[in-house]
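>>> Provided below are the primary sequence and the corresponding predicted coordinates.
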Amino acid sequence: MLGGGSLVGAATAPGAWYEELAKPAFTPPDWVFGPVWSVLYVMVAIVGWRIWRDGSALAMRLWWTQLALNFAWSPLFFVLHWIDAALVVIAAVLVAILSFMLIVWRDDDHVSALLFVLYLAWVAFATILNAAIFWLN
């Protein structure tokens, strides 16, 4: 999980294009993203293991869906420079995360749902950031 996220991050590292974009004042410094995503990917992996071990097929499908959408965002944004398409994808990541959390909560896996709270919060923030960058550019 962390390896996959690191691979996507390395292959789609922000470059000069991103540096030249107009960004909102609440944009974190670039160095924040790596550590935050590293912690989140560890948590996502733990939850994936829990669901693979004990969860429902629907929960597992939603877990894979959010992961695939998450990994699709960086190439859209940083490589193709499709800020609008990336915004649609990150909104879909939010929906997938929230749907996952609701399903596992309903299935009495409160630990997995709670482990996704920070992930949900960060992706919500990233969605707002993506929307602001879209608006400003």
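Ah, there it is. Predicted, not measured: the structure shown is a model, and the values here were computed from it.

>>> shaky segments in the chain?
Residue ranges of the chain with pLDDT under 70: 1-14.

>>> What ranges does it have for its helices?
Applying DSSP state H to the chain gives helices spanning 2-11, 16-20, 30-54, 57-74, 83-106, 110-115, 117-136.

>>> Could you export these as JSON lines, including mean neighbour count?
To be clear about C-beta, it is placed using only N, CA and C from the backbone, and glycine gets the same treatment. As requested, the helices of the chain are exported to JSON lines (neighbours: other C-beta atoms under 10 Å):
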{"stretch": "helix 2-11", "mean neighbour count": "14"}
{"stretch": "helix 16-20", "mean neighbour count": "10"}
{"stretch": "helix 30-54", "mean neighbour count": "15"}
{"stretch": "helix 57-74", "mean neighbour count": "19"}
{"stretch": "helix 83-106", "mean neighbour count": "19"}
{"stretch": "helix 110-115", "mean neighbour count": "17"}
{"stretch": "helix 117-136", "mean neighbour count": "16"}
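
>>> For the nearest residue to residue 92 once chain neighbours are set aside, list the residues it contacts.
Using C-beta to C-beta, 6 or more residues apart in numbering and skipping residues adjacent in sequence, the residue nearest residue 92 is residue 69, 5.2 Å away. By C-beta atoms under 8 Å, 6 or more residues apart in numbering, the residues touching residue 69 are 89, 90, 92, 93, 96.

>>> I'd like those as TSV, with distance to residue 53 appended.
Formatted as TSV, these follow (distance: C-beta to C-beta, whole Å):
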residue	distance to residue 53
89	29
90	29
92	26
93	24
96	20
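
>>> Please identify which of the residues you listed is nearest to residue 133.
Distances from residue 133 to the contacts of residue 69, taken as C-beta to C-beta, are shortest for residue 90 (11.1 Å).
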